[in-house]
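A.B. asks: What would the 3D arrangement of this be:
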Amino acid sequence: MLKFAVFKNIVAAFVVATVLVSCSSESDTPIYDVVIGGGTIYDGSGNPPIVGDVAMIGDRIVAIGDIPTGVTHNYIDATGMAVSPGFINMLSWAPTTLMEDGRAMSDSKQGVTLEVFGEGWSEGPYSEDMAADAQARQGDIKFDLTWRTVGQFLETLEAKGVSPNVASFVGATTLRINQIGYEDRPATAEEIANMQNYVREAMREGAMGVGSSLIYAPANYADTAELIALNKAAAEYDGMYISHMRSESAGLLDALEELITIAREAGVPAEIYHLKASGIPNWGKLDQAIDRVNAARAEGLKITADMYTYPASSTGLNASMPLWVQEGGHEKWMARLRDPEIQARLIREMQSTETARNQWTDVGPDRTMLVSFRNPDLRHLIGKTVTEAAEIRGETPEQTAINLILEDDSRVGVVYFSMDPENIAKKAVLPWVSFGSDAGAPATEGVFLNSGTHPRAYGTFTRVIGKFVRDDGLMPMEEAIRKLTNLPATNLKLRDRGLLAEGYYGDVVVFDPANVRDNATFAEPHQYSTGVLHVFVNGTQVLKDGEHTGATPGRVVRGPGWTGWSN
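C.D. replies: The predicted structure is shown next:
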């Protein structure tokens, strides 16, 4: 499939060149496939906008400026509208939702043209046992897991047909499970060497670098030296490190220091996944974290971050439990939870304020909302807090958390209302912060309605424009567009993406700046954003007048180490 993808790109470039040459030989004006005319063009650079036209032939932008009318097969009048590069979702959990519905409806309707995966977990490298386990633990969405590497998975999506482009990091969690399983112990020299070889393989396939999620088991069992070693392998291919750090609460500053150390020692850029100070006791730490990142950047280290645009996070109830109870994998976790003596110890520790990583005490069961279950019999609790569910069930909140995990045979999806709204605004304007949904790309139909979700799945990117720029005046539009497009593209070292410029891929969004808005709420999250009118991916229109066209032109976007680059 790699050779086929290369062939497709060569053919596309040849077609564009041929059309331009033939047209220019017949007249001074080529016939364009698409002209977006009269819009206010935000090119992604952060420069002030211009009013003009954007023309595309095939999958590329070929002209920007004043283009004569009547020289195109598809003219879009963008008068009064904003025209920008496609938005990049730096933290996407869309692999499963794309296998069910390749349209990526919630993101397509926001102008997202690239989904970036790999927060600790990636779709490879899988051993046969890992693949069988992943297949067996599928929920409502089921599919044949036919791939074994990150590159093979991305090619599977492209061959299946998806609307957005797709890219991925290789997950440090996946690497560790592949070599070590779920044990809490240091990796041996041989295991580290094997993991490094898997990193090299993923980088040659086009991975962006190494991604970690150190707040969870078994990822947390990796020490700093192991993570440095993995990133040294990525550095050989000009990759980067991106991390859900070891703590986002009491241990935030120590966790940040670890990320900076990894960047320095491995010689890689590093990005913080969803920068935050979680839990009311820790809100004041954000200023110190920002100062530390600025100091590291002044030192010459390339440290960046991304964020989502809401004051609540979303993960599982496992984040409220100490890591020792989860050691050994899912079945051993379930077995421990069934043991009365272990339950008693677990409840004591969940209630303890001595644990640095403790969502239970920092956030609390009354600020933890249940959003997804595998077990249909539990879905009546969706939208309720753990405290409310405990009252319904006649249990303590701690016992309810344990029992729900056992009854659902899963970590149970929840939303933690853990962040300071003022901190959200403070992060949004930082010049080195981009945006990611930390969610899938569902639709308001079918199997997706079996579960609740976080509104960030439907509104992360439109919220930047509609709330942060228009309603709150936090930053000018051109800066917001830069942070949604060229900043992440530059951090990822993408070729010919992230700007509206001649020769760049035709990933283009047309939106109404006066009316774009996120409509999803925590109470009713399955609601599409509005105000994004037209979206093009690789020159093909996937959204027209706000409605999906059904087109699936998304491609695999490769990182700097891909062996298929011709130069």
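A.B. asks: C-alpha only now, for contacts and for neighbours.
C.D. replies: Will do.
A.B. asks: separation between M105 and F117?
C.D. replies: 17 Å (Cα to Cα, to the nearest Å).
A.B. asks: what do you get for G503?
C.D. replies: For G503, the distance to F117 - Cα to Cα - is 26 Å.
A.B. asks: Give me the spatial nearest neighbour of the spatially most central residue of the chain, chain neighbours excluded.
C.D. replies: Centroid-nearest residue in the chain: L91, 1.4 Å away (criterion: Cα atoms, centre = their mean). Of all residues beyond its chain neighbours, the one nearest L91 is G436 (4.5 Å), with distances taken as Cα to Cα, 6 or more residues apart in numbering.
A.B. asks: got any ranges where the stretch 451-567 of the chain has weak pLDDT?
C.D. replies: Low-confidence segments of the stretch 451-567 of the chain (pLDDT under 70): 566-567.
A.B. asks: ranges for the helices of it?
C.D. replies: Under the criterion DSSP state H, counting those that start in this stretch, the stretch 451-567 of the chain contains helices at 456-463, 477-484, 486-491.
A.B. asks: will you turn the ones you listed into a markdown table that also has mean neighbour count and distance to S45?
C.D. replies: A markdown table is the format used below for the helices of the stretch 451-567 of the chain (neighbours: other Cα atoms under 10 Å; distance: least, Cα to Cα, whole Å):
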| stretch | mean neighbour count | distance to S45 |
| --- | --- | --- |
| helix 456-463 | 28 | 18 |
| helix 477-484 | 24 | 6 |
| helix 486-491 | 22 | 6 |
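A.B. asks: Nearest to D512, out of those?
C.D. replies: helix 456-463 (10.6 Å; Cα to Cα).
A.B. asks: that older thread, make CSV from the helices of the stretch 451-567 of the chain and add distance to P269 to it.
C.D. replies: Shown next, in CSV, are the helices of the stretch 451-567 of the chain (distance: least, Cα to Cα, whole Å):
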stretch, distance to P269
helix 456-463, 24
helix 477-484, 17
helix 486-491, 8
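A.B. asks: Figure out which of those is closest to K332.
C.D. replies: helix 456-463 (31.4 Å).
A.B. asks: Just give the number of residues close to N519.
C.D. replies: Close neighbours of N519, defined as other Cα atoms under 10 Å, add up to 17.
A.B. asks: Contact partners for it?
C.D. replies: 458-459, 527-530 (Cα atoms under 8 Å, 6 or more residues apart in numbering).
A.B. asks: For Y458, see how far away it is.
C.D. replies: Distance from N519 to Y458, counting by Cα to Cα: 8 Å.
A.B. asks: Can you check which residues contact both of those two?
C.D. replies: 527-529.
A.B. asks: Of the helices of the stretch 451-567 of the chain, which is nearest P125?
C.D. replies: Checked against Cα to Cα, the stretch from the helices of the stretch 451-567 of the chain lying closest is helix 486-491, at 23.9 Å.
A.B. asks: Packing partners of that closest one?
C.D. replies: Applying 3 or more Cα pairs under 8 Å, 6 or more residues apart in numbering; DSSP states H and E, we find helix 486-491 packed against no helix or strand.
A.B. asks: low-scoring stretches of this protein, by residue?
C.D. replies: 1-29, 353-358, 566-567.
A.B. asks: So what are the sheet partners of the lengthiest strand in it and their directions?
C.D. replies: For the chain, the strand with the greatest residue count under DSSP state E is strand 32-41. Under the criterion DSSP bridges, strand 32-41 sits next to strand 50-57 (antiparallel), strand 72-77 (parallel), strand 82-85 (parallel) in its sheet.
A.B. asks: any chance of the ones you listed in a markdown table, with distance to I272 too?
C.D. replies: What follows is those, written out as a markdown table (distance: least, Cα to Cα, whole Å):
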| stretch | distance to I272 |
| --- | --- |
| strand 50-57 | 33 |
| strand 72-77 | 38 |
| strand 82-85 | 23 |
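A.B. asks: Please work out which of these is packed deepest.
C.D. replies: Counting by mean count of other Cα atoms under 10 Å, strand 82-85 has the highest mean neighbour count of these, with a mean of 30.
A.B. asks: after that strand, next one along is what?
C.D. replies: strand 87-89 (DSSP states H and E).
A.B. asks: what packs against that next one?
C.D. replies: Checking 3+ Cα pairs under 8 Å, 6+ apart, strand 87-89 ends up next to strand 112-117.
A.B. asks: Skipping adjacent residues, who's closest to D107 in space?
C.D. replies: Spatial nearest neighbour of D107, chain neighbours left out: A441 (5.7 Å); criterion: Cα to Cα, 6+ apart.
A.B. asks: got it, and W147?
C.D. replies: W147 sits nearest to F153 (Cα to Cα, 6+ apart), 5.6 Å away.
A.B. asks: same check, this time on Q343
C.D. replies: According to Cα to Cα, 6+ apart, the nearest residue to Q343 is L337 (5.9 Å).
A.B. asks: When G503 and F117 are compared, which one has more neighbours?
C.D. replies: Taking other Cα under 10 Å, G503 and F117 do not tie; F117 has more neighbours (28 against 16).
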